[in-house]
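[1] sequence plus predicted model, see below.
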Amino acid sequence: LAEKVGTMRSDAMVITGDVPFYGSDPRDWEVFEKECASWAKRPRVYPTVGNHELRVDARAGQRNFFAAFPQLEGNGFYSVLLGNVFLVTLNSTEPLWPVGRQADWLREQLDHIPAQADFVIFSMHIPLIADTQSEFIANIPAPESVALRRYLEARAVSSRQKFIVVNGHIDRKSTRLNSS
């Protein structure tokens, strides 16, 4: 699949997190680099931090994430205008809503949506809505995510732009055979 993605000539790519299985393990990032070499370093690749990026040792995982995506310059949340699409990428591994640095930044972004934007795409890892089983077993979405969803729904009503939310958190199965 990764090779197939590399043959496509997309204008941009959004990755919703969980790139490695264990983000603190350099071997997982080596697999990513090898499998995705044909596209991962393209200039318009927009990744989101997922929970797997921070697995085992969060600090090491974060360092590895930003080393794999140096274009982010250490920013876990960011926005970019892509033609008539305003991409707003949020970091689900940090406090999202209603208080904090990311929440303040998000309000500022929504107060100043570029005039040429017809669509606002919110990219994040953890879903803002889920089925009953996910809510019961995994506590997804968390109360702060529900509050953020309600805020975005309210903002969408009065916005000229169409709001679209994309997220990940669908884990892939991974097996590593160690030679030791």
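    Perfect, I can see it now. Numbers count the residues shown, from 1 in each chain.

[2] hey, let's count contacts and neighbours off CA atoms from now on
    OK.

[3] now do the contacts for the spatially most central residue of the chain.
    Most central in the chain under C-alpha atoms, centre = their mean is Thr48, positioned 2.4 Å from the mean C-alpha point. Residues in contact with Thr48 (C-alpha atoms under 8 Å, 6 or more residues apart in numbering) are Val14, Ile15, Thr16, Gly17, Gly76, Phe77, Thr89, Leu90, Asn91, Ser123, Met124, His125.

[4] was I right about the second one contacting Tyr46?
    Yes - taking contacts as C-alpha atoms under 8 Å, Ile15 lies within contact range of Tyr46: 6.1 Å.

[5] which of those two has more neighbours?
    Tyr46 (22 against 19; other C-alpha atoms under 10 Å).

[6] what's the closest non-adjacent residue to that one?
    Sequence neighbours aside, Val14 is the residue nearest to Tyr46 in space, at 4.8 Å (criterion: C-alpha to C-alpha, 6 or more residues apart in numbering).

[7] measure how buried Val120 is and give me the count.
    Val120 has 23 nearby residues by other C-alpha under 10 Å.

[8] just to revisit the earlier point, just to be sure, the residue nearest to Tyr46 is in a strand?
    Yes - remark: Val14 belongs to a strand, assigned using DSSP: H, G, I helix; E, B strand; the rest coil.

[9] for it, give me its contacts.
    So Val14 contacts Val45, Tyr46, Pro47, Thr48, Ser123 (C-alpha under 8 Å, 6+ apart).

[10] tell me the first helix or strand C-terminal of the helix or strand harbouring Val88.
    Assigned by DSSP states H and E, Val88 falls within strand 85-89. Under the assignment DSSP H and E, the closest C-terminal helix or strand after strand 85-89 is helix 101-111.

[11] any idea of the mean pLDDT in that next one?
    The average pLDDT for helix 101-111 rounds to 98.

[12] how about stretch 44-52?
    Average pLDDT, stretch 44-52: 94.

[13] which stretches of the chain have low pLDDT?
    The model of the chain has pLDDT under 70 over residues 131-139, 170-180.
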